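**Student:** prediction below, plus the sequence it came from.
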Amino acid sequence: MKWVTWEQVGVDRMACAWLITKYIDREAEFLFVPAGHKPLPEGAEPFDIPGVRLSHHRGHCTFYTMLRECDLRDPVLQRIARVVDEADTVQDVMLEPAATGLDVICQGIRLVSPSDLVALERGRLVYDALYAQFASEPTQA
Amino acid sequence: MEQSQDTSWVLLVYKIPREPTSSRATVWRKLKRLGALLLHDAVWVLPATPWTREQFQWLAVEIGELEGEAYLWESHLLLNGQSDALAQQFQARVDAAYQEILGEVEREDADLVALSRKYQQVRAQDYFHSELGTHVRERLMSARGGSTS
């Protein structure tokens, strides 16, 4: 199916695209619209756009919302959600030092990529790596 | 300080039910953490960047989820000099926080872990890139005995 989000992808949207392709929709096709652009294309599921179902809720990032909406309970994914929360939203409690670095790296990936689509592709490696590393550590959601 | 004449500003006005008080506190804390300035007890303002725009949008949505109501604008100041004056208010607050760190870092028993964390928090709100920030960074680096390069 088709998925749509705003251009200039960063930490949360790269994480979401990785999650979608890996756990939700292997055939996912991603579309991008300029920030604030309306109306959104029909027939595509919007994500990480203010006001849509799959976006920030109650101070949590979109990746966190997706885990909840799709009932994904893997503790490694939960920990990644914590990292993305700290990277992408305003948090008082910071428990994951990887968060700040991940944010910077994802922004940088967009800068060195010719398009948002390529940036999502390249971002996959980062999240595969994060998953593998967290999976090798004692569980901490 | 960087040029502020052409700065766009994002403005947030909101109201939120008195109860539960935790909702009000949540929103207030986030505004503080973003380093937003409250003008005349009415309008919260931040210089517009991709980051502040997005954070204010999420906050506006969250206020709605907390049964409140929020309006969000992006705008320019029309009167000469007001943009600079506003930027200076941001700068003054950030500089005061940097000064505090500088005062603490000189102490014999300075808690360098806490001070560097505080530096990071202040820097995240340093929208106009205060020169004092560079100075604080250098002081922290030499305080830990490292190289300043």
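**Tutor:** Ah, there it is.
**Student:** state the pLDDT value of the nearest residue to A:Gly36 once chain neighbours are set aside.
**Tutor:** Ranked by CB to CB, 6 or more residues apart in numbering or on different chains and with sequence neighbours excluded, the top spatial neighbour of A:Gly36 is A:Trp6, at 7.8 Å. Bear in mind the C-beta positions are built from the backbone N, C-alpha and C, glycine included. We note a pLDDT of 96 for A:Trp6 in this prediction.
**Student:** for A:Phe32, same thing?
**Tutor:** The predicted structure scores A:Phe32 at 97 on the pLDDT scale.
**Student:** for it, which three-state class applies?
**Tutor:** Under the three-state scheme (DSSP: H, G, I helix; E, B strand; the rest coil), the conformation of A:Phe32 reads as strand.
**Student:** likewise B:Asp126?
**Tutor:** Using three-state DSSP, the structure places B:Asp126 in coil.
**Student:** residue numbers of chain B in contact with chain A?
**Tutor:** For chain B, the residues in contact with chain A under the definition CB under 8 Å from any CB of the partner chain are B:26, B:29-30, B:33-34, B:50, B:53, B:55, B:57-62, B:65, B:120.
**Student:** go through those and give me the one with the most neighbours.
**Tutor:** Of those, B:Leu59 is surrounded by the most neighbours, 26 neighbours in total, counting by other CB atoms under 10 Å in any protein chain shown.
**Student:** how about that residue: what's its closest non-neighbour residue?
**Tutor:** B:Lys30 (5.9 Å).
**Student:** which stretches of chain A form strands?
**Tutor:** Taking DSSP state E to define them, one finds strands in chain A at A:2-6, A:29-33, A:44-46.
**Student:** any chance of CSV for these, columns mean neighbour count?
**Tutor:** As requested, the strands of chain A are arranged in CSV below (neighbours: other CB atoms under 10 Å in any protein chain shown):
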stretch, mean neighbour count
strand A:2-6, 21
strand A:29-33, 17
strand A:44-46, 17
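**Student:** switch these over to a markdown table; also include distance to B:Arg137.
**Tutor:** A markdown table is the format used below for the strands of chain A (distance: least, CB to CB, whole Å):
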| stretch | distance to B:Arg137 |
| --- | --- |
| strand A:2-6 | 33 |
| strand A:29-33 | 36 |
| strand A:44-46 | 40 |
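**Student:** of these, which is nearest A:Tyr23?
**Tutor:** Comparing those by their distance to A:Tyr23 (CB to CB), the top pick is strand A:2-6, with 13.2 Å.
**Student:** the closest one to strand A:29-33, inter-axis angle?
**Tutor:** 30 degrees (axes from the mean of the first three to the mean of the last three CA atoms, to 10 degrees).
**Student:** any stretches of the chain with poor pLDDT?
**Tutor:** Answering for chain A, as no chain was given. A:140-141 (pLDDT under 70).
**Student:** to clarify, I was referring to chain B.
**Tutor:** Counting by pLDDT under 70, chain B contains low-confidence ranges at B:1-5, B:144-149.
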